[in-house]
Structure formats: C-alpha cells, structure tokens
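Novice: got a predicted structure here, sequence first:
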Amino acid sequence: MNSQGAFTTFISGLLNPATLQGALLLGAVIFAVAWGVTRAIRALGRAASNDGSRLTVDRTSVTFLQQFAQVMVWLIAIAFFAHAVPQLRSLGTALLAGVSIASVVIGLAAQSTLSNFIAGISLLLYRPFRVQDRIQVNAPTGVETGVVEAVTLGYTVLRTLDRRRVVVPNALIANQVTVNLTHTSKRVLISVPFTVPLDQLESARELLLQVAAAHPHCESVIDCPVTALSWDTARLALRVWCREAILTTSLEWALIEQGQQALEGAGLKLLSAGPR
C-alpha cells in the first residue's frame, strides 16, 4: 500500500466511530463541545444574575436552571457518544436486561438525592422564598435565621448574621414551616423583663424607657408596665419594636447591658434582667 492509500485509510479510520481512533476522536469532539456549552451556560447564568439593572430575572431560577442545564448537556453528550459508537450500541443492547435491576438499586440508594432534586423543582415552581430573602428554618442547632445565598439541585444555602454557612437539604426545607422575613413586616415586638426594688420602680422605669429610645435598633418604645409585684420588688417588661427580626437577640442583650449600666449610674439597683 502506497503512502497515499495509507493516509486515506488513516483518515477513514478517524472518521469511522467503529474504529478505536474514530471513537476516541468522536469522544474528544463531543467532550469539547459539551465543555464549551456548559461554560457558555455558566457565563449566561452569571450575566443574568449580576445584571439585575437591565434584566428582570429571578436569581433562584437562574441558579437552579443553570445547574439543571449543565447536567442535561452532559447526559445528552454521553447518550450521543454511546449511540454513535456501534460497539457501545451493541453493549447497551446486551445489558438492557440488567438496566431495570440497576435502576431499582440506584433508585433505592439515591432516594434522598432524588427527593432533594424533586423538592428543588417544587421550590422553584412555588417560590416560597428567593435568593437574597431572609428566612427562618429549623435546624439541629435550633431555629436558624439567614439570607438565602443559593438554591441548588439538592440544597438550599443560607448565610447567617454571624457569617455561618447553613446548608439545608431541599427535601427538608420543602417539608417544614419556613418563615420568610423579607416579605413580612421587618419590625418585631420584643419584651425584656427587669426586676427592681419596689421603692425605685418609677425611677427605674423612666431610665429604662430612655435607654430603649436611644438604641439605634429600636424603632419605637411601647411601654414598660409592671408584670409582677412582691412585697419589696417589682418586675417590669420593657416592650419595644425592633427594626428587623434578625436584630432582636442583639437588641435584647444591649438593653439588658445598657439598662444595668444606666440604673447603676443613677444609684439604682437592678435585681435581675432577662428571662429566667
């Protein structure tokens, strides 16, 4: 065989997916195309999420659909490669009888993953919250309040006020009561109890009201009524509107500390403060 014939044979082999070199070349081309398409999808997703001034998009939907599209691109690429290579087609036909058993095994092993995926779709459709919403969820550490950073195929990611990253499975968050603090009134009523001597009741009440009114997180002061009395003590409830639900704990602590300092600075006595 002359050189021209050998070259023709080589080229024919490269273009024939039935040969090893043809299958490798086809696989490389399909991989390059799929990789380029997924990069384009990621770029479009970032552009749509970051350019909110010109595009009216839901960042929650963009993130979820971006990941879903990337998974589908790779699945289509693998399916196309398997269909284009004759040896893989015949192998797939031979293994068809075992697919049902494998699917059952994989389905049982991936129940939680599939449930998270289905729950992610329901979150996308019903939209109880979106990216950048502040929500409250139940976690093993108790009630967690945070801002939604992302809703992925399997998990919802929250960022709390103290910069912790809380990752909640979609199936869990879809099946519990979730409080969306962004789409409700931001202010929250809090009541901080103080116990003072009975003969210092009025002076202590006036100082506590002044302390609350001066705090930047306090939107308005309601009152400071007496909630319990004994022969020598009075229990007061300092009630104020906190500007945001996420600030309630810090405001309560600040009122307790600043209330104690104000009372002691005025020569008054604080017997106790905060819930017992």
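Specialist: Received the coordinates, thanks. Residues are numbered from 1 along each chain as shown.

Novice: so V168 lies in a strand, does it not?
Specialist: Yes. Applying DSSP: H, G, I helix; E, B strand; the rest coil, one finds V168 inside a strand.

Novice: so it makes contact with T152?
Specialist: No. Contact criterion C-beta atoms under 8 Å: V168 and T152 do not qualify, at 10.8 Å. All C-beta atoms are positioned from the backbone trio N, CA, C, and that covers glycine.

Novice: the more surrounded of these two?
Specialist: Taking neighbours as other C-beta atoms under 10 Å, V168 and T152 compare with V168 leading, 22 against 18.

Novice: ok, what's across the strand from that one?
Specialist: Taking DSSP bridges, one obtains T156 as the residues bridged to V168.

Novice: list the residues that contact it.
Specialist: Contacts here follow C-beta atoms under 8 Å, 6 or more residues apart in numbering; on that basis V168 touches V137, A139, Y155, T156, V157, L158.

Novice: A77 too?
Specialist: Here A77 is in contact with I30, F31, V33, A34 (C-beta under 8 Å, 6+ apart).

Novice: grab the nearest non-local neighbour of the last one.
Specialist: Distances taken as C-beta to C-beta, 6 or more residues apart in numbering place A77 nearest to A34, at 3.9 Å, with adjacent residues excluded.

Novice: helices of the stretch 101-250 of the chain, start to end?
Specialist: For the stretch 101-250 of the chain, the helices defined by DSSP state H, counting those that start in this stretch cover 111-126, 170-174, 201-214, 248-265.

Novice: for the shortest one, what is the average pLDDT?
Specialist: Read it as helix 170-174. Averaging the model's pLDDT scores along helix 170-174 yields 87.

Novice: just to revisit the earlier point, could you check how far the residue nearest to A34 is from Q66?
Specialist: Distance of A77 to Q66, given as C-beta to C-beta, to the nearest Å: 17 Å.

Novice: burial measure for R39, as a count.
Specialist: Close neighbours of R39, defined as other C-beta under 10 Å, add up to 11.

Novice: shouldn't it be within a strand?
Specialist: No. R39 is assigned helix when assessed by three-state DSSP, not a strand.

Novice: contacts only, for it.
Specialist: The contact partners of R39, by C-beta under 8 Å, 6+ apart, come to none.

Novice: from T38, how far off is the residue nearest to A34?
Specialist: Remark: distance between A77 and T38 (C-beta to C-beta) = 9 Å.

Novice: same check, this time on W241
Specialist: Note on W241: its distance to T38, by C-beta to C-beta, is 49 Å.

Novice: low-confidence ranges in the protein?
Specialist: Low-confidence segments of the chain (pLDDT under 70): 1-18, 48-61, 87-112, 183-185, 276.
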